[in-house]
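Undergrad: just need the structure, nothing else, for what follows:
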Amino acid sequence: MPLGRAKFAIFLLLFSLACPISQVLAKKTDNSASNAGDPRRALHALNRLTFGPRSGDLRQVMAMGLDRWIEMQLHPEKIDDSALNARLEPLRTIRMSTKEIAEDFPDPQEINQVLNGKRAMPSDPARRAVYQVQLARLQDRKERKEEAGKNVASATGNANKQVEGSSMDASAPPDAGGAAADNPATTNDVMNSVTGSEAMTATAAPAKLTREEQEQARRREEQLYADLEVQQLPSLPPEQRFKKVLSMPVEQQVLFADALRGGKGHEFLEGLSPKQKETLLAMNNPAIVVMSELMQAKLLRAIYSQRQLEEVMTDFWFNHFNVFMEKGLDRLLVTTYERDVIRPHALGKFEDLLVATAKSPAMLFYLDNFMSVGPNSAQALGLPPRPYARGPYGRRYPPPRPRQNAGRRPTGLNENYGRELLELHTLSVNGGYSQRDVTEVAKVFTGWTIDKPAEGGGFKFDPRMPEPGPKFVLGHRIKPKGEGEGLEVLHRLATSPQTAHFISLKLAQRFVSDDPSPALVDRMTKTFLKKKGDIREVLNTLFHCPEFWDDGAYRAKVKTPLEFIASAVRATGAEVDDAQPLAQQLNRMGMPLYGAQPPTGYSMKAETWVSSSSLLNRMNFALALTGGKIKGVKVDSAALAGGTPPSPDATTTLPTLEASLIGGGVSKQTHDSIAAQLEGAKNGMQQKPDNKAGTRKPDDAARPPDVSTIVGLLLGSPEFQRR
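TA: This next block holds a predicted model:
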């Protein structure tokens, strides 16, 4: 689809996304809570509680009854999701513990420890192969760095010698050495190595290769061998193929892993078990395997899970308690953070979720609280763990002397978590706290750390790190009681009216509009406080408020890139064999999964995602998706049009697709614009017989409109961009 053909939608999108869709549509929504038989009402619920309706969802909800369907979504444990689990089965890392991830997919720090002899090489052959390749690469980088340093030193020394001997060489002919004079060191090496008659042919002899050049030549030869191996190995049975790689010398394994980057990997990995695939991909890059599988799992859940509200809320809470995956060790920790911290509490009690995130190694590492030390703590002062150590028979021994630098009294207090806890996680930026409260909260959470972070350890309270004495937070005196201080502060924050209002506001922004009514937020806040932060109860109140069903809320929310891509795949019924290309599309749209660096996460508001460039990216994606140009994703556009060849007249094909993709309600402006584009494209083909790309055969005049093009244009329409 040429770029120019997609540009027609940009004005349409910018216009329609800037104003409520109810102003474009003539039909109004009945606000009464009892109008459960209205298809638009069911469609509205599907657009808000899921990542977008699929074909047949509307009929299913209508048959089940809207109230019953909402109740089912609020209790996901009652919904069978075995079909999704089968799709997730090959992604082994999403079920691993952090320790297992750290062992199977080592980061550079762990590899360096093995290199320095601080950790032993694993005995398992598959895991050992991963370590061997990373060790070889690390060693190679170090040798190259040392060689580069020697070359610099050698060049500097030769330059100094030339300066010192320039007066002695002044009588030499200006052209001595010919072209080789450009490289004095090489010329001298050649001349000093020959005598007598050999000197006559010295200028014709090749210069000696440097060590680096010799190494490059050797690697090129081995690379050719590795390429041949890659070409031959796919013909072997998968098990033999895998064993062949494990039996290769380390040098060949390195080159083999490099060769997989060149596009041959897909063919070679065909037929291997998930664990075998992960091993070979980890030989290439361990971190990428973990990150890729987590991203694929998120997309597959959003697209295929029957527990859609749980997926929506998991995404909501991860964004609220954001952690940036690419910050150091968090690439090991985010998998268990989402699985064991966010998802189990997505519809539970807010206080439980708050405590779980506070103790999560992923959050402790992301906001640096794991290394926050009280200025007057035992660790900061260099004091021993106990006043006296007990020996045999209860004998007490005097403590060792404090560290020599104990007199420096390093503070080590980090306020990052304390600030974000108050500003982003609970009270909000206008929650009535001061900078002193931030500092006091930071003191409260000193000692909340991680046990052996690089090895995948969990939460640990270190009694030597906390700041001693009472703290004063939001006018309350927090007595010294170790880990209990943090739990008390979290309880006070979780039950605060300011927190109840802030969380209710954010939920209303996600499910109703960017600027929800204060009355709605107040009702949700009352439920939050009355039900002690029960998220399910707050949502139940929201879904039964008239504001949720108001005409102004219908298609009033602009989809984020994640919501757009997931809804497009769901609406088209696409079959996703590989979700990684979809994750790459999100990168292009400015919303990489787990890639929000600031603690604020990604915005839910339209102003962030509405611009001509971002909307053009969406249109290009829609056309690529329906045109079969997204690898690993297949769309049967003809099935969307009823499974039979559509009429040659777009006026009959277009309404069918409008109903199946969007559920109707497409404005006349959108309908006419798409019809005009299809007609223009058809006429353009007929009017350019000399253009090879536009030439039609005589019997092509009645060719039906391209269904995939119609589907792509509808996915890029203003109505589909909203939910």
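
Undergrad: now the nearest residue to L49 once chain neighbours are set aside: which helix or strand?
TA: Spatially, and ignoring its direct neighbours in sequence, L49 is nearest to L309 (4.9 Å; C-beta to C-beta, 6 or more residues apart in numbering). From N, CA and C alone the C-beta is placed, and that goes for glycine too. Assigned by DSSP states H and E, L309 falls within helix 308-320.

Undergrad: counting by contacts, list what that helix packs against.
TA: With contacts taken as 3 or more C-beta pairs under 8 Å, 6 or more residues apart in numbering; DSSP states H and E, helix 308-320 sits against helix 39-49, helix 66-74, helix 286-304, helix 497-511, helix 535-543.

Undergrad: can I get the ones you listed in JSON lines with mean neighbour count and distance to R141?
TA: As requested, the helices and strands packed on helix 308-320 are exported to JSON lines (neighbours: other C-beta atoms under 10 Å; distance: least, C-beta to C-beta, whole Å):
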{"stretch": "helix 39-49", "mean neighbour count": "21", "distance to R141": "50"}
{"stretch": "helix 66-74", "mean neighbour count": "17", "distance to R141": "51"}
{"stretch": "helix 286-304", "mean neighbour count": "22", "distance to R141": "16"}
{"stretch": "helix 497-511", "mean neighbour count": "21", "distance to R141": "46"}
{"stretch": "helix 535-543", "mean neighbour count": "21", "distance to R141": "48"}
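
Undergrad: how far does the helix holding L309 sit from the chain's center?
TA: 14 Å (C-alpha atoms, centre = their mean, to the nearest Å).

Undergrad: residues touching it, excluding its own?
TA: 49-51, 73-74, 76, 298, 301-302, 305, 338, 342-343, 345-347, 353, 424-425, 506-507, 510, 535, 539, 562, 596, 601-602, 604 (C-beta atoms under 8 Å, 6 or more residues apart in numbering).

Undergrad: quick one: mean pLDDT for the following helix or strand past that helix?
TA: With elements assigned by DSSP H and E, the helix or strand that comes after helix 308-320 is helix 330-336. Throughout helix 330-336, pLDDT has a mean value of 95.

Undergrad: next, the buried residues of the strand or helix carrying D258.
TA: In this assignment (DSSP H and E), D258 forms part of helix 250-259. Across helix 250-259, burial judged by 16 or more other C-beta atoms under 10 Å covers E251, Q253, V254, L255, F256, A257, D258, A259.

Undergrad: now swap in stretch 578-588 and tell me
TA: Buried, per 16+ other C-beta under 10 Å, within stretch 578-588: A579, Q580, P581, L582, A583, Q585, L586.

Undergrad: A strand includes M591, no?
TA: No: looking at M591 with DSSP: H, G, I helix; E, B strand; the rest coil, it is coil, so not inside a strand.

Undergrad: relative to L88, how far out is it?
TA: 22 Å (C-beta to C-beta, to the nearest Å).

Undergrad: who has more neighbours, those two?
TA: M591 (21 against 18; other C-beta atoms under 10 Å).

Undergrad: my read: that one touches E563, true?
TA: No: using C-beta atoms under 8 Å, M591 makes no contact with E563, being 9.6 Å away.

Undergrad: contacting residues for H476?
TA: R492.

Undergrad: look up the closest residue to E575, ignoring the ones flanking it.
TA: K634 (4.7 Å).

Undergrad: contact partners for that neighbour?
TA: A574, E575, D577, G628.

Undergrad: give me the subset of the residues you listed lying in strands.
TA: Among the contacts of K634, the ones falling in strands (DSSP state E) are E575.
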